[in-house]
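*Asks:* Build me a model:
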Amino acid sequence: MDFSNLAIDFSRPLDAVMQSWLVKLVLSVALTLGNYLSGASWIWPFVLFWSLVLMDGVSKILSLSVQTLKNSGSQGGIVDGYRMAVNKGVISSQIAREKFVPKILFYFITVTGANIVSVIAKWAMPILGDIAFVPAGLAYVYLSWVEWQSICENGRDAGINCMGPLAIMASKKKNELLGNTDDGGKDNV
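*Replies:* Next comes the predicted model:
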């Protein structure tokens, strides 16, 4: 048996893993959770929110894979669509750095800022009690709702019929809560 061919064949998946931004994201979230799991009660909003962020990334890949497969007119499954999307450059590390990384940085800054305000409020005015944690809670709730809306829209774009009405409902409810009368020009049908 020729082991040089085996090593070359084994190196291709390893190279793909090393270049995949989604794998890096999963590993970073796992390492972050490993650092922060100290039994604190505030960890659950953190875990649930970042799980939604991760699901949004996966649903975006699903959506882009299905759309690429449909646009090419080819027959096949999601894996075939994913391969086509990667080969055509629709899914790439460069695109992820331009679109996904700024969103993640904004989320980190927003959640950190809200938590700092909550801690300062709790320290400066102990009489507030648990009400001091409202800013952090509001940040988690709003950003989680935005992620849920994005997951629904990605599912709709991937052809999951039941996600369309959920995307419309999520957009309308967010606009109602914020007092917005228009949807920012988005077509939510």
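*Asks:* going forward, measure contacts between C-alpha atoms and count neighbours the same way
*Replies:* Will do.
*Asks:* how far is stretch 126-136 from where the chain is centred?
*Replies:* 28 Å (Cα atoms, centre = their mean, to the nearest Å).
*Asks:* meant to ask about stretch 103-117, not that
*Replies:* That offset, for stretch 103-117, works out to 15 Å (Cα atoms, centre = their mean).
*Asks:* One more: stretch 61-74?
*Replies:* 19 Å.
*Asks:* Same question for stretch 164-173.
*Replies:* Centre to centre, stretch against its chain (Cα atoms, centre = their mean), the figure for stretch 164-173 is 18 Å.
*Asks:* for the chain, which spans come out with low pLDDT?
*Replies:* Residues of the chain meeting the criterion pLDDT under 70: 1-44, 182-189.
*Asks:* Can you tell me the centre-most residue of it?
*Replies:* V53 (2.7 Å; Cα atoms, centre = their mean).
*Asks:* Quick one: list the elements packing against the helix or strand hosting it.
*Replies:* For V53, the host element (DSSP states H and E) is helix 43-72. Contact analysis of helix 43-72 by 3 or more Cα pairs under 8 Å, 6 or more residues apart in numbering; DSSP states H and E lists helix 21-36, helix 78-88, helix 134-157 as its packing neighbours.
*Asks:* and P135, what does it touch?
*Replies:* By Cα atoms under 8 Å, 6 or more residues apart in numbering, the contact list for P135 reads 114-115, 117-118.
*Asks:* same thing but at 7 Å, please
*Replies:* For P135, the contact set (Cα atoms under 7 Å, 6 or more residues apart in numbering) comprises 114, 117-118.
*Asks:* In stretch 76-84, which residues are buried?
*Replies:* 78, 80-82, 84 (16 or more other Cα atoms under 10 Å).
*Asks:* what's it in contact with?
*Replies:* With Cα under 7 Å, 6+ apart, stretch 76-84 has contacts from 65-66, 68-69.
*Asks:* Swap in 8 Å and give it another go.
*Replies:* So stretch 76-84 is contacted by 61-62, 64-69, 91 (Cα under 8 Å, 6+ apart).
*Asks:* and the helix holding V53, which residues are buried?
*Replies:* Of the residues in helix 43-72, those buried (16+ other Cα under 10 Å) are 47, 49-57, 59-69.
*Asks:* Counting residues, what is the longest helix that the protein contains?
*Replies:* helix 93-124 (DSSP state H).
*Asks:* Quick check: G77 vs L69, distance?
*Replies:* 8 Å (Cα to Cα, to the nearest Å).
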